[in-house]
Each structure stands twice: as C-alpha cells, then as structure tokens.
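Trainee: Following is a predicted model, sequence given first.
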Amino acid sequence: MTTQTELTAVDTEALTRSFELGCRESTAYCFHLTAIEKQSGWRFAAESASYHFQIRTLKLRPWQPPPPWVRDIEGTLEAGDDDIGGWYRAAQLAQRLLAAGLSLYEPDPVSALEAKLNVA
C-alpha cells in the first residue's frame, strides 16, 4: 500500500467506493475487509479493497504494481518501458488518472477514465 499521508477528497471517494464494492462482493470478503479495518484502520482496508479490484480490472500479474504504488511518476516514465515489470504502464496510467482529476485508487481505472472522457 502507499505511504502517502494526505488523501484528497477524490481519493477518499474512490477508496470509499472500493471498500463498499468489496463489502457487496461477498459476505466473506466483507468480513475480511472489516477485520482489516478493525486491526489496521479504515484507510488500510479501503486501500486493500482498491488494490483487490485493480488487480482484477487491470489484469495485473503478481509482480506488477497498481497506479498508487508508483512513487515517482515522471522518473518512472523517463526510465522508459520496463516491459513485463509493469512500472512504466502503471506510471502512464497514474499520469492519465491525475490529469483527468481522478484518484489513483479508482477500483476500475480504465473505466473511470472512459467515463470521464465521455462526460467531458
């Protein structure tokens, strides 16, 4: 999970949606998220839910990072494509999300970008 200390209103909204989606996914997953929340706090549980959905929607391999894990977007992009490592792709997506005014924690980043573009 990220070590970012401040959440924007957009981040909080995306994390809230992720947590709520997780609780609607199944009773077992809701129990899991609630247990994480009790032990580590709401933010950690919500980030866990966001990661859970990003793995699925972005079809990430076990070694590939989601957008919130990219600490230096510009530096990662300047380093160039790392092929299957996934950091470059995550940085590209992070850059697009932020440019669109969206959160890095969107549970389905690609759909969120498409929806934003269709509204604008």
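Mentor: Here it is on my side, so go on.
Trainee: got a list of what the spatially most central residue of the chain touches?
Mentor: Geometric centre of the chain, nearest residue: Tyr105, 3.1 Å, by C-alpha atoms, centre = their mean. By C-beta atoms under 8 Å, 6 or more residues apart in numbering, the contact set of Tyr105 is 11, 14-15, 18, 46-47, 50, 68. Where C-beta positions appear, they are placed from N, C-alpha and C, glycine not excepted.
Trainee: what residues are up against Ala45?
Mentor: 19, 33-34, 36-37.
Trainee: ok so, going back, so which of the contacts of Tyr105 belong to helices?
Mentor: 11, 14-15, 18, 46-47, 50 (DSSP state H).
Trainee: I'd like the residues you listed as CSV, with pLDDT appended.
Mentor: Formatted as CSV, the ones in helices among the contacts of Tyr105 follow (pLDDT from 0 to 100):
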residue, pLDDT
Asp11, 98
Ala14, 98
Leu15, 98
Ser18, 98
Ala46, 98
Glu47, 98
Ser50, 98
